[in-house]
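> here is my input; please provide its structure:
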Amino acid sequence: MAETLLLFAILVAVATATLWLGRAVTIIYPPMVGLLYRDGRLQRELPPGRHTRFDPLNRTRVVEVSMVERPINLPEVTVLSKDQFAFRLSLSPILTVTDARAYTESQATFDVDPLNRLFAASGIHPAVQPSLSAAALDASGSRTLAEILGSPAALTADIHARIENAVPGAVFVKVLLTAVNLPPETRKMFTDVERSKMEAQSAVERARGEQAALRVLSNAARLVSDNPALANLRLLQAIEATKGSTTIILGDSVVAPAGLATKRTPPAAS
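From the prediction side, this is the model:
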C-alpha cells in the first residue's frame, strides 16, 4: 500500500513538472491583440490579458497586432504636377487595423523573438509604400503646382480616397501632408512672382494716395479762387501757428508776427 502511494505521488509530481515546464505564458497589453497559431494554422484570437497554454513541443506561436490608429513615417515621394513641375511630398498616412488576421497573413515575412512571438519584419505593411506613392503621383498629376500649394487639403483628401482600403485588414483614416519640398529654382520663381504681386499692389496704393492728395489740393485751390478772402484767413492762421521769429514775405511787403517790426522791402533795381 505504501509503495502504491509512493508511486502515485511520483507520477503526480512528474505530471505536475511536465505541465509546469510545458506551459507557455503570453501577456498581451492593450491596444494589442494576439493571434494564436498552432502548426501554422490560426486557432483563436487572444484579447489583452494573460494567456497560458500547454505547449511542451513549442508548436504554437502568437502574433501581436496593434489595433490603435498610428501614423506611418515613410520616405519622401517624388511627384510631377500637371504643369510639369517635379517636387517631393512628405506624407504620413494614419492607419488602423480592422481585421488582425487579414492584416497579418497578407504580409510575407516575420521575425521570431525570444518570447515566442511573431512580428512583421519591417513593422510596416509592404503594401503601404507602393500604394501611397502611386496615389500621390496620380493625385499630383491632375493638379497644377499652384493648385497644390493653394489647397493642400484637397490633395491629401484625393490621396486618401485612392488608398483608403489598399491594405488588407486595415483602413487609412486620413493622410497628413507634412512638407512640400520644391527645387531651389522653382522656389525662387514662386518667390519672385509673389514679390512682384506685392510690389504692384504697393504701387497701386501709392498712386491712390497721391490721387487723393491731389484731389484735396484741387478742391482747396478752387475754394481760394472763388473766395479770395479765404487766402487771407489761411494766412492769419499760419501766422498764429508760427513760433519764434518768423518772417513772411508777400510780394514786396514783409509781414511779421505780433511783437516784431514790419519793414518795407524796396523793389530790386532793374
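> going forward, measure contacts between C-alpha atoms and count neighbours the same way
OK.
> next one: stretch 185-192 to chain centre, how far?
21 Å (Cα atoms, centre = their mean, to the nearest Å).
> which residue ranges of the stretch 101-250 of the chain form helices?
128-141, 145-150, 152-163, 184-226, 229-241 (DSSP state H, counting those that start in this stretch).
> so which of those helices is nearest residue 71?
Taking Cα to Cα, helix 128-141 is the member of the helices of the stretch 101-250 of the chain nearest to residue 71, at 11.6 Å.
> reformat the helices of the stretch 101-250 of the chain as JSON lines; add mean neighbour count.
Shown next, in JSON lines, are those (neighbours: other Cα atoms under 10 Å):
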{"stretch": "helix 128-141", "mean neighbour count": "19"}
{"stretch": "helix 145-150", "mean neighbour count": "15"}
{"stretch": "helix 152-163", "mean neighbour count": "18"}
{"stretch": "helix 184-226", "mean neighbour count": "12"}
{"stretch": "helix 229-241", "mean neighbour count": "12"}
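> show me the shaky parts of the stretch 101-250 of the chain.
Counting by pLDDT under 70, the ranges of the stretch 101-250 of the chain that qualify are 108-123, 244-250.
> picking that back up, in TSV: the helices of the stretch 101-250 of the chain, plus distance to residue 50.
Shown next, in TSV, are the helices of the stretch 101-250 of the chain (distance: least, Cα to Cα, whole Å):
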stretch	distance to residue 50
helix 128-141	32
helix 145-150	50
helix 152-163	36
helix 184-226	56
helix 229-241	94
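> which of the ones you listed sits closest to residue 172?
Nearest to residue 172, of these and by Cα to Cα, is helix 152-163 at 7.1 Å.
> what is the neighbour count of residue 242?
11 (other Cα atoms under 10 Å).
> equivalent analysis for residue 175, please.
24.
> and it, how far from residue 210?
50 Å (Cα to Cα, to the nearest Å).
> OK, contacts around residue 74?
By Cα atoms under 8 Å, 6 or more residues apart in numbering, the residues touching residue 74 are 90, 91, 92, 129.
> next up, the contacts around the closest residue to the third one other than its chain neighbours.
Here the nearest residue to residue 92 in space, its sequence neighbours aside, is residue 176; by Cα to Cα, 6 or more residues apart in numbering that works out to 5.0 Å. Contact criterion Cα under 8 Å, 6+ apart gives 91, 92, 93, 94, 156 as the residues in contact with residue 176.
> now swap in residue 73 and tell me
91, 92, 93.
> confirm that the second one sits in a helix.
The reference is to residue 92. No - the assignment for residue 92, made by DSSP: H, G, I helix; E, B strand; the rest coil, is strand rather than a helix.
> which residues does it contact?
Here residue 92 is in contact with 71, 72, 73, 74, 175, 176, 177, 178 (criterion: Cα under 8 Å, 6+ apart).
> swap the cut-off to 7 Å and go again
71, 72, 73, 74, 175, 176, 177 (Cα atoms under 7 Å, 6 or more residues apart in numbering).
> which ones among these are found in strands?
Members of these lying in strands (criterion: DSSP state E): 71, 175, 176, 177.
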